[in-house]
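*Asks:* Got a sequence here, can you model it:
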Amino acid sequence: MTTRSTGTHWTSTTPTFRSELGRRRGPRKAVPLILALVLAMMFASAAMSAVRAGEGPSQTSTTTYIVQAGDSLWSIASHVAPKEDPRDVVLWIMQHNGLSNATLQPGQVLIVPAGR
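*Replies:* Residues are numbered from 1 along each chain as shown. Have a look, this model is predicted:
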């Protein structure tokens with residue numbers, strides 16, 4: 001440690017522990033803020049996932065539909081749930097019937113939401 005004289009008092013030119021600690025406070029204050037932002041984003045993401053899981057026809061009751069020549073998932077969705085978004089109904093029909101694509105065969109029996 002180096003010292004110098006300022007008249008009658010001796011002072012240290014080496015930084016003290018307290019002054020070094022003071023320089024570190026800025027970034028440490030940011031940690032709780034960053035943590036709070038990350039947690040808020042996680043909660044928002046979980047809430048959006050819960051909303052998406054509930055998308056689709058609001059009906060829980062189902063009926064069957066026999067595919068006719070010329071039918072498509074879109075036309076069936078528009079017919080069985082005309083007040084719903086057809087995209088959501090098509091996805092619902094695909095999920096509930098184990099369909100991996102939109103190919104349908106005449107005579108195929110599909111589970112669809114009950115008439116809306």
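*Asks:* So which residues of this structure form strands?
*Replies:* All strands of the chain, identified by DSSP state E, fall at 3-5, 10-12, 62-66, 109-113.
*Asks:* ok, of the ones you listed, where does mean pLDDT dip lowest?
*Replies:* Mean pLDDT values for those show the minimum at strand 3-5, a mean of 58.
*Asks:* so who does the nearest residue to S61 once chain neighbours are set aside touch?
*Replies:* Distances taken as CB to CB, 6 or more residues apart in numbering put A114 closest to S61, at 4.1 Å, once the chain neighbours are dropped. For glycine as for every other residue, the C-beta is placed from the backbone atoms N, C-alpha and C. By CB atoms under 8 Å, 6 or more residues apart in numbering, the contact list for A114 reads Q59, S61, T62, T63, V80.
*Asks:* again, but for S100
*Replies:* For S100, the set of contacting residues under the criterion of CB under 8 Å, 6+ apart consists of M94.
*Asks:* Mind jotting down where the helices sit in this protein?
*Replies:* Under the criterion DSSP state H, helices of the chain are mapped to 17-53, 73-80, 86-97.
*Asks:* low pLDDT regions in the protein?
*Replies:* 1-29, 43, 46-60, 115-116 (pLDDT under 70).
*Asks:* And it, what are its domain boundaries?
*Replies:* If the domains of the chain are taken from automatic domain parsing, they occupy 10-53, 62-113, with pieces of a single domain joined by a plus sign.
*Asks:* shouldn't A81 be in contact with P113?
*Replies:* Yes: between A81 and P113 there is a contact at 5.4 Å, judged by CB atoms under 8 Å.
*Asks:* what's the neighbour count on Q108?
*Replies:* The number of residues packed near Q108 is 14, by other CB atoms under 10 Å.
*Asks:* Number of residues surrounding S72?
*Replies:* By the criterion of other CB under 10 Å, S72 has 13 neighbours.
*Asks:* Ok, V67 next?
*Replies:* Using other CB under 10 Å, the number of residues around V67 comes to 16.
*Asks:* Identify the residue nearest it in space, chain neighbours excluded?
*Replies:* Q108 (4.3 Å).
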